[in-house]
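Q: Got a sequence here, can you build the structure:
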Amino acid sequence: MANAVVIGAQWGDEGKAKVIDYMTERADVVVRFQGGANAGHTVNAGGRRYVFHLVPSGIITPGKVCVVGSGVVFDAEQFLAEVDELAEAGISVADRLFISDLAHLVLPYHKALDAASESAPGAVKIGTTGRGIGPAYTDKVSRTGIRVGDLLNWNVFLKKFIRNNDAAKLRVQTPDGKPAGDIPDLDEDEIITRYHKIRERLLPFIKDTAFYLFNAERDGMRLLFEGAQGTFLDVDHGTYPFVTSSNTTVGGACAGSGVGPKSIGHCIGIVKTYTTRVGNGPFPTELTDDIGFHLRATGNEFGSTTGRPRRCGWFDSLLVKKAVQLNGFTRLALTKLDVLNDLSEIKICVGYNIDGKKVDQYPTNAQELEYAKPIYETMPGWKQDISKCKKLSELPNAATDYIARIQKLCYDVPVLLISVGPDRADTIEVAGI
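A: So this is what the prediction gives:
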């Protein structure tokens, strides 16, 4: 397998973790390159369910190396909790899980700032996870952040932490000195004591991962880059301001891991066969009727990170076509086809009506998107269980017609695989890479 990047083609929650886990068998190193603990990747394998927020999904495959790259904002406490859960499951991460020394730390004051910004009177409610992601990226861009590598020298870390924590205390207070809303406590001494212990556990994981990946590729190892969130949460190309704080598109793989563009062989777009979104922001094909509730219940559409119910709607081809344009997908991986099993008819959005004009290109202006009315094609459903299908030829004709229509609408990008159930084994492979 050539080196590959896996990117969500919608608003996240497309099933990236399952596809990454499936593809890890053909890779040697799995690299997470952006986002933070606001991402939730769920893998069902061997009768067990694993939920990852920072550790790359490939970690459950024996012998594979996993890297948390420099583009990630790193919550050390969440990371160590996942390491402990893996140990309880009998999975060792020794010498095969590394953190970039250049990744920026998410610290308690970032979470306090996140909570304060969401609860401030008059603030635009983005619907964040409250994990401190935005404030951590703000510090990174404003050049006041603290990196994982700063933990190598406790005195350096301590000096920077005290400076930033004291500044944060002022930012989360109202003018009369009271806390601005329901925010976590910023007990400086307690946090320092806690992070001194965390530092000791993290030291064996810290590495110049860009250099490691450079040498790994020279040695013939195959790299698989794991995106978090989805294309339309990209801070530049997403439905701004209802986005995350990093580049979730393919360009982020190079910047967030330290490899050059030459290292990318394939870009795989993960496409849910309907559409979901968590948090606020425009969503033209959203369904608030019984079908929308059916999709949520059948697809278990609740956030892995927060448990929030996801908004559900019909497949939006304009959204995915734009994702193809932005990422240059060479393959599509279609997920959750089985969730549509019970529907007698299925709709596909093939255009928008905006102010009386038909539009067939996804608008970059989020305000236009708010007023977009979907134009649908209707296709027959298959009304049968497809979860036991192992080959494309075993699917009912209505299901293969639906797949073919999605592919045609999305610039005929070849379909790599189709997911027909939550487990690793519930996968139909269609095209190779």
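Q: Give the burial count for the nearest residue to residue 92 once chain neighbours are set aside, as a bare number.
A: For residue 92, ignoring the flanking residues on the chain, the nearest one in space by C-beta to C-beta, 6 or more residues apart in numbering is residue 86 at 7.8 Å. Using the backbone N, CA and C atoms, a C-beta is placed for each residue, glycine as well. Applying other C-beta atoms under 10 Å, we find 18 residues neighbouring residue 86.
Q: I'd assumed residue 86 was in a strand, is it?
A: No: counting by DSSP: H, G, I helix; E, B strand; the rest coil, residue 86 is located in no strand; its state is helix.
Q: Could you measure from it over to residue 55?
A: 7 Å (C-beta to C-beta, to the nearest Å).
Q: Name the residues contacting each of those two.
A: Residues within reach of residue 86 and of residue 55 at once, by C-beta atoms under 8 Å, 6 or more residues apart in numbering, are residue 93.
Q: sorry, back to before: distance of the residue nearest to residue 92 relative to residue 410?
A: Remark: distance between residue 86 and residue 410 (C-beta to C-beta) = 36 Å.
Q: same thing with residue 98?
A: The gap separating residue 98 from residue 410 is 35 Å, by C-beta to C-beta.
Q: now do residue 238
A: Distance, residue 238 to residue 410, by C-beta to C-beta: 18 Å.
Q: so what's the residue nearest to residue 92 up against?
A: Residue 86 neighbours (C-beta under 8 Å, 6+ apart): 55, 59, 60, 92, 93.
Q: Same question for residue 148.
A: Each residue near residue 148 by C-beta under 8 Å, 6+ apart is listed here: 74, 76, 99, 100, 101, 102, 103, 104, 105, 202, 206.
Q: now swap in residue 402 and tell me
A: Per C-beta under 8 Å, 6+ apart, neighbours of residue 402: 273, 337, 340, 346, 348, 379.
Q: Filter the residues you listed down to the buried ones.
A: 273, 337, 340, 346, 348, 379 (16 or more other C-beta atoms under 10 Å).
Q: Just give the closest residue to the third one, not the sequence neighbours.
A: Okay, so that is residue 340. residue 346 (5.8 Å).
Q: For that neighbour, list each beta-bridge partner.
A: On the basis of DSSP bridges, residue 346 is bridged to residue 379.
Q: can you tell me which residues contact it?
A: 314, 315, 340, 378, 379, 380, 381, 402.
Q: Out of the contacts of residue 148, which is nearest to residue 144?
A: Using C-beta to C-beta, residue 104 comes nearest to residue 144 of the contacts of residue 148, at 10.1 Å.
Q: State the pLDDT value of that closest one.
A: Here the pLDDT value assigned to residue 104 is 97.
Q: mind checking how far it is from residue 296?
A: Distance, residue 104 to residue 296, using C-beta to C-beta: 34 Å.
Q: Which of those two has more residues huddled nearby?
A: Comparing residue 104 with residue 296 by other C-beta under 10 Å, the one with more neighbours is residue 104, at 23 against 18.
Q: Contacts only, for residue 255.
A: Listed by C-beta under 8 Å, 6+ apart, the contact set of residue 255 reads 33, 71, 247.
Q: Check residue 374 too.
A: 284, 285, 314, 316, 349, 351, 352, 353.
Q: so it, which of the three states?
A: Under three-state DSSP, the three-state class of residue 374 is strand.
Q: Could you say which helix or strand holds the closest residue to it other than its chain neighbours?
A: Once flanking residues are discounted, residue 374 sits nearest to residue 349: 4.2 Å by C-beta to C-beta, 6+ apart. For residue 349, the host element (DSSP states H and E) is strand 345-354.
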